[in-house]
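turn this into a model:
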Amino acid sequence: MRGRIALRAAAAASWASQKAGRGKGSMIGGLIALKIDPTIMDQLGRGRRTVLVTGTNGKSTTTRMTTAALSTLGQVATQADGANMDAGIVAALSTHQGVPLAAIEVDELHLPHVSDSLNPAAVVLLNLSRDQLDRVGEINMIERKLRAGLAKHPDTVVIANCDDVLVTSIAYDHPNVVWVAAGSGWAMDATSCPRSGEPIIWEGEHWRSTGTDFQRPQPDWHLEGNDLVGPDGERHLLELALPGRANRGNAAQAVAAAVALGAETAKAVVAAGTVREIAGRYRTVQVGEHAARLLLAKNPAGWQEALSMIEPTAAGLVIAVNGQVPDGEDLSWLWDVRFEHFEGVQVVASGERATDLAVRLTYAGVEHTTVPDPLRAIASCPPGQVEVLANYTAFRDLNRDLENHG
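Alright, predicted model coming up:
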C-alpha cells in the first residue's frame, strides 16, 4: 500500500514539474517515491531480469547499447536521461512498470546497494579509474567496496573487462564471470596490484601481478579487427555508428550481457550498432558556418579517450572546461591529460575555467586562443568542421545555449 501511494505521489510530482516547465520531473518523482517508501526500489525490481551497468567511463553509452541488444528479446526499462543514482533509477523503473527486462546505468558508489535492491541477472563492469576525488574518493577503496558488494550476489552474471586491472580484481573471485577483452587505454591507476600492492607487469596485451597468481584472465569475448569473436569462436562483423576504440569495447560488453540473458548474438550485434547519439553526445550541430561535433569527457581516462577521437583534419578544436561541483572543483586532473599531440588544428580554450586550461595547453606546447564563451569559441574557428570537447557542466550548458541559439 505504501509503495502504491509513493508511486502515485511521484507521478503527480512529475506531472506538476512538467506543467511548471521545470523539465521532465523524473528526478523529483523518484526522490518523493523514496521518501514515502524507502523500499520502493526493491518492489520495482521484482519480476524483472535486470542488467546493471557501471564504470568510470562509458556507462550511458553501454547502457544504451545494452538496451538496444536486449530489445531483441522484448521491451526494456531504462533511463532516458542517464540519471544513475537512486532517484533516477526509481523513476526509470516506475515509468516502465510491468516491463520484464531492464538495463540500468548505476553510479559506481551506488552499485552495492542498488544490486541488493534489484538482485540483477547481470552486472557489466566497464572500467575503474580516478574520477572526482572530492566526490568519489580513492580508487582502491572503490574497488574493495564493489568487490564486497558483488560477493553478496554469487548467482549474478558479471560481464567484466579483463583488460582493466581494477575491474578484474573486483570480479576475480566471483563464481559467475564472463570475461571480455574490451580494451583499456588508461593504465595510470593500475601500476600496482590492488590486492597485494606488488607491481603490475604488462607483456603485450597480457598483464600479471609480480609475486602472486593475479593476472589477466583468458577472455570469452574479444575484438579482432572489425569482428567481435564470441566464446564459441563465432565471428560477427561489428559495425558501429559511434566513433572510437572505447565504444567498440562498450559494444562488446553490451552484446555479452544481452547474450547472457538469452539474446541471439547476431541480432544483439546489429542492434548495438544502431545507437547513434547519447544525450547529445557525438551529435553534429550546425552553428553558422561551422558543423560542431559534441564530445563529452569527465575525468583523465575519459579525456584521453575523447582526444583520440578528434578528427585531425578539423578546422578547429574547442575545449571547454568548467569547475562546478558536478565536474569536481579541483582541476589538477588537467595535468594528467596528454594535450601534446595537436598540430595543424586551431585550438581554443573555453569554459568558465578557460584560463586554467590555457595554462595547461601552454605547458603542453599547444598553440591556442582563449575564448571563455563556448559558442563564441566555435564562431572564432575557421568555417567547416569544429570538434567540441567539454566536461560535464560545460557540455550541459552548451547544449542549452545551442537550443536557445537555434
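
any low-confidence regions in the protein?
1-3, 5-27, 29, 131-137, 185-187, 405-406 (pLDDT under 70).

quick one: the helices in the protein?
Under the criterion DSSP state H, the chain contains helices at 2-19, 26-36, 40-45, 59-70, 86-95, 111-118, 139-151, 165-171, 245-260, 265-272, 300-308, 354-363, 374-379, 392-405.

which among those is found nearest to residue 128?
helix 165-171 (3.9 Å; C-beta to C-beta). (Each C-beta comes from the backbone N, C-alpha and C, glycine too.)

in the closest one, what counts as buried?
For helix 165-171, burial by neighbour count (16 or more other C-beta atoms under 10 Å) applies to 165, 166, 167, 168, 169, 170, 171.

isn't the third one right up against residue 160?
Read it as residue 167. Yes: Residue 167 lies in contact with residue 160 (C-beta atoms under 8 Å); the separation is 5.4 Å.

who touches both of the two?
Counting by C-beta atoms under 8 Å, 6 or more residues apart in numbering, the shared contacts of residue 167 and residue 160 are residue 125.

tell me the contacts of residue 293?
Taking C-beta under 8 Å, 6+ apart, we find residue 293 in contact with 282, 283, 284, 311, 385, 386, 387, 388.

phi and psi next, for the second one.
Backbone geometry at residue 283, expressed as degrees, to the nearest 10, gives phi -80, psi 160.

I'd say it and residue 294 touch.
Yes: using C-beta under 8 Å, residue 283 is in contact with residue 294, at 5.8 Å.

out of these two, which sits in the busier spot?
Between residue 283 and residue 294, counted using other C-beta atoms under 10 Å, the more crowded position is residue 294 (23 against 15).

what about the more buried one, distance to residue 78?
Distance, residue 294 to residue 78, by C-beta to C-beta, to the nearest Å: 22 Å.

could you do residue 211 as well?
In this view, residue 211 and residue 78 are 43 Å apart by C-beta to C-beta.

on that earlier part again, packed most tightly, which of the helices of the chain would that be?
Of all the helices of the chain, helix 59-70 has the most neighbours on average by mean count of other C-beta atoms under 10 Å, namely a mean of 28.

from the contact counts, what lies against that helix?
Packing partners of helix 59-70 (3 or more C-beta pairs under 8 Å, 6 or more residues apart in numbering; DSSP states H and E): strand 49-54, strand 101-105, helix 245-260, helix 265-272.

who wins for proximity to residue 365 among these?
Short answer: helix 245-260, nearest of these by C-beta to C-beta, at 25.6 Å.

let me see the ranges of the strands in the stretch 151-300 of the chain.
Counting by DSSP state E, counting those that start in this stretch, one finds strands in the stretch 151-300 of the chain at the ranges 157-161, 177-181, 200-203, 206-209, 221-224, 227-229, 235-237, 284-287, 290-296.

take these and write them to JSON lines, including distance to residue 40.
Formatted as JSON lines, those follow (distance: least, C-beta to C-beta, whole Å):
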{"stretch": "strand 157-161", "distance to residue 40": "26"}
{"stretch": "strand 177-181", "distance to residue 40": "31"}
{"stretch": "strand 200-203", "distance to residue 40": "42"}
{"stretch": "strand 206-209", "distance to residue 40": "42"}
{"stretch": "strand 221-224", "distance to residue 40": "35"}
{"stretch": "strand 227-229", "distance to residue 40": "38"}
{"stretch": "strand 235-237", "distance to residue 40": "39"}
{"stretch": "strand 284-287", "distance to residue 40": "38"}
{"stretch": "strand 290-296", "distance to residue 40": "30"}
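
any idea which of those strands is most buried?
Ranked by mean neighbour count under mean count of other C-beta under 10 Å, the strands of the stretch 151-300 of the chain are led by strand 157-161, which reaches a mean of 26.

name the residues that touch that one?
Residues contacting strand 157-161 (C-beta under 8 Å, 6+ apart): 55, 121-127, 150, 167-168, 170-171, 174, 176-184, 249, 253, 256-257, 260.

for burial, what's the neighbour tally of residue 215?
When neighbours are defined as other C-beta under 10 Å, residue 215 has 18 of them.

sorry, back to before: for residue 290, which of the helices of the chain is the nearest?
Nearest of these to residue 290, taken as C-beta to C-beta: helix 374-379 at 5.4 Å.

show me what the closest one is packed against.
Secondary elements touching helix 374-379 (3+ C-beta pairs under 8 Å, 6+ apart): strand 284-287, strand 290-296, strand 316-320, strand 346-350, strand 384-390, helix 392-405.

dump that helix to CSV, keeping only the CA atoms.
Extracted in CSV, the C-alpha atoms of helix 374-379 (Å, rounded to 0.1, in the frame of the first residue of the first chain):
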residue,chain,number,x,y,z
PRO,A,374,31.9,28.2,-26.0
LEU,A,375,29.5,29.5,-28.6
ARG,A,376,31.8,32.4,-29.4
ALA,A,377,34.8,30.0,-29.3
ILE,A,378,33.1,27.9,-32.0
ALA,A,379,32.5,31.1,-34.0
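
mind giving me the domain split of the protein?
Following the TED database, one gets these domains for the chain: 1-37, 41-274, 283-405.

ends of the second one, how far apart?
Going back to what we said before, that points to domain 41-274. Criterion C-alpha to C-alpha, to the nearest Å; first-to-last residue distance in domain 41-274 is 30 Å.

how far off centre is that domain?
How far domain 41-274 lies from its chain's middle: 10 Å, per C-alpha atoms, centre = their mean, to the nearest Å.

circling back: out of the strands of the stretch 151-300 of the chain, which is closest to residue 107?
The nearest among the strands of the stretch 151-300 of the chain, by C-beta to C-beta, is strand 290-296 at 16.0 Å.

pull the CA atoms of that closest one into PDB?
C-alpha atoms of strand 290-296 as PDB (Å, rounded to 0.1, in the frame of the first residue of the first chain):
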ATOM      1  CA  HIS A 290      30.500  25.600 -38.500                       C
ATOM      2  CA  ALA A 291      29.500  21.900 -38.200                       C
ATOM      3  CA  ALA A 292      30.200  21.300 -34.500                       C
ATOM      4  CA  ARG A 293      30.500  17.700 -33.200                       C
ATOM      5  CA  LEU A 294      30.000  17.500 -29.500                       C
ATOM      6  CA  LEU A 295      32.100  15.200 -27.300                       C
ATOM      7  CA  LEU A 296      31.900  14.800 -23.500                       C
END
